[in-house]
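> Sequence and predicted structure are below.
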Amino acid sequence: MTAGLIAAQKAYIQFGMKPVSPQSLPASIDGTVDLLAQADYLSDRSLGTVLFLALKMGRPIFLEGEAGVGKTEIAKVLSETLGRRLIRLQCYEGLDVAAAVYEWNYAAQMIAIRVAEAEGEHDRQKLEHDVFSERFLIKRPLLQALEPDTAGAPVLLIDEIDRTDEAFEAFLLEVLADFQITIPEMGTVKAAQPPVVVITSNRTREVHDALKRRCLYHWVGYPTAERELAIVRTKVPGVGKKLSEQVVAFVQALRKQDLFKSPGVAETLDWAAALSELDVVALDPATVSDTLGVLLKYQDDIAKLEGSKVKELLDEVKSDLRAAE
Ligand SMILES: Nc1ncnc2c1ncn2[C@@H]1O[C@H](COP(=O)(O)OP(=O)(O)O)[C@@H](O)[C@H]1O
Ligand SMILES: [Mg+2]
């Protein structure tokens, strides 16, 4: 038994932690694709290749693509299948070090100082040392991700980085360069084993080249009809064969329209589930029109399809499906 395993078991016994089973990294591209499939994530070979390389080379992976194409899910699935802890940093405008890295618990520090003074403690140096110790440190995701874990280095998901500003990006670049963070009052924290870093962007703005250069890049596109059908059948198993084919073909046709926001895989899955709830067995124009709000989230897009457009698209989709039979 390896030392790591023994330590993990001890932690399990001592602290009542969940049993951990450290998983080894996949040994090949096919192994990576299979690993994702274990958690119902159906990836193509190009994504499998980039992920395999990122894991093997210990490099962050940068996933860019439209909303709802399965970027965030990749980090979740990696954490699940590798048996690693998932640490998520959701980015937003104005995200700062206090929310992303660490913060001192000022209130607790104040109370500790008051109590110490009341007890007659006047050694300022000792007081300062006590108050700037780990006990008063609130660890945020980036710092948490550098801590050792018995199950192996965690998966760090930095989600929707395009929502932050360039100053934060520059800071992140520094952290990713050597996986260490300096806390002036305490010293430097360095990861013994770098986390598996997954960065996602919905591309609402370009992310700086310097950050991309640190990472392996992959554009997550919409799946082919074949893969999308497999995803629907895996994730919404109650949907009949005919309906699932029509749903996927209709969504794929919608993506060819000039819309403000095309439906992602998330919307396809929602729509399939909604139609299944309504006991629909095959698409008809009225049902499609009534449930468009599951697929399209902008009134302008919905307005474009109102009237005869839905019927027209649906007829095309059905005749294509018949031709393919
Ligand atoms: N290749 C895929 N295999 C299985 N499920 C997928 C796939 N792509 C997307 N999904 C599903 O689509 C939904 C949206 O994915 P998500 O990761 O939230 O998208 P994004 O982060 O790109 O906006 C999730 O429920 C996810 O499980
Ligand atoms: Mg996402």
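All right, it came through fine. Ligands and ions are numbered 1, 2, ... in the order given.
> Would you agree Pro194 is in contact with Met57?
No. With contact defined as Cβ atoms under 8 Å, Pro194 does not count as touching Met57 (10.8 Å). Yep, even glycine has a C-beta here, placed from its N, CA and C like the rest.
> of those two, who's got more company?
Pro194 (18 against 8; other Cβ atoms under 10 Å).
> That one: what's it in contact with?
Gly58, Ala153, Phe179 (Cβ atoms under 8 Å, 6 or more residues apart in numbering).
> what's the answer for Val198, then?
Neighbour list for Val198: Pro60, Ile61, Leu63, Ile74, Ala75, Leu78, Val155, Leu156, Leu157, Ile158 [criterion: Cβ under 8 Å, 6+ apart].
> Just give the number of residues close to Ala75.
Ala75 is flanked by 24 other residues according to other Cβ under 10 Å.
> what's the answer for the one 10 residues further on, then?
Residue crowding around Arg85 was assessed by other Cβ under 10 Å; the count is 19.
> Please shift the residue numbers so they start at 14 in all later answers.
Got it, the first residue is 14 from now on, which makes the last one we talked about Arg98.
> quick one, phi/psi of it?
Arg98 adopts backbone torsions of phi -70, psi 140, taken as degrees, to the nearest 10.
> Would you confirm that it contacts Leu170?
No. Arg98 lies out of contact with Leu170 (Cβ under 8 Å); the separation is 11.0 Å.
> any idea which helix or strand carries Leu159?
Element membership for Leu159, per DSSP states H and E: none, as it lies in no helix or strand.
> ugh, wrong one, I meant Asp333
Taking DSSP H and E as the definition, Asp333 sits inside helix 322-337.
> Show me what counts as buried in that helix.
Residues of helix 322-337 classed as buried: Val323, Leu326, Leu327, Val330, Lys331 (neighbour count, 16 or more other Cβ atoms under 10 Å).
> Just name the closest of these to Val46, please.
Using Cβ to Cβ, Val330 comes nearest to Val46 of these, at 29.3 Å.
> check contacts around the residue lying closest to that closest one once chain neighbours are set aside.
Spatial nearest neighbour of Val330, chain neighbours left out: Ala262 (4.5 Å); criterion: Cβ to Cβ, 6 or more residues apart in numbering. For Ala262, the contact set (Cβ under 8 Å, 6+ apart) comprises Ala238, Val330, Asp333, Leu334.
> so which helix or strand takes in whichever residue of the stretch 114-263 of the chain sits closest to ligand 1?
Closest residue of the stretch 114-263 of the chain to ligand 1, Cβ to the nearest ligand atom: Ile244 (4.5 Å). Assigned by DSSP H and E, Ile244 belongs to helix 238-248.
> tell me which strands and helices that helix is in contact with?
helix 254-267, helix 278-290 (3 or more Cβ pairs under 8 Å, 6 or more residues apart in numbering; DSSP states H and E).
> Kindly recompute the last result at 6 Å.
Secondary-structure packing of helix 238-248 (3 or more Cβ pairs under 6 Å, 6 or more residues apart in numbering; DSSP states H and E): helix 254-267.
> and the helix it packs on with ligand 1, contact?
No. Helix 254-267 lies apart from ligand 1 when judged by Cβ under 6 Å from any ligand atom; the minimum separation is 12.1 Å.
> how about the strands of the chain, start to end?
Along the chain, counting by DSSP state E, strands occupy 74-77, 99-103, 115-117, 150-152, 168-172, 193-196, 200-203, 209-214, 229-232.
> residues of the fourth one that come out buried?
Residues of strand 150-152 classed as buried by neighbour count (16+ other Cβ under 10 Å): Leu150.
> Tell me the gap between that strand and the middle of its chain.
In terms of Cα atoms, centre = their mean, to the nearest Å, the centre of strand 150-152 is found 23 Å from the chain centre.
> Adjacent strands (with direction) for that strand?
Strand 150-152 has its sheet partners listed here by DSSP bridges as strand 115-117 (antiparallel).
> how close does the closest residue to Val293 other than its chain neighbours sit to ligand 1?
In space, Val293 comes closest to Thr300 once its chain neighbours are excluded; the distance is 5.6 Å by Cβ to Cβ, 6+ apart. Separation of Thr300 from ligand 1 (Cβ to the nearest ligand atom, to the nearest Å) stands at 22 Å.
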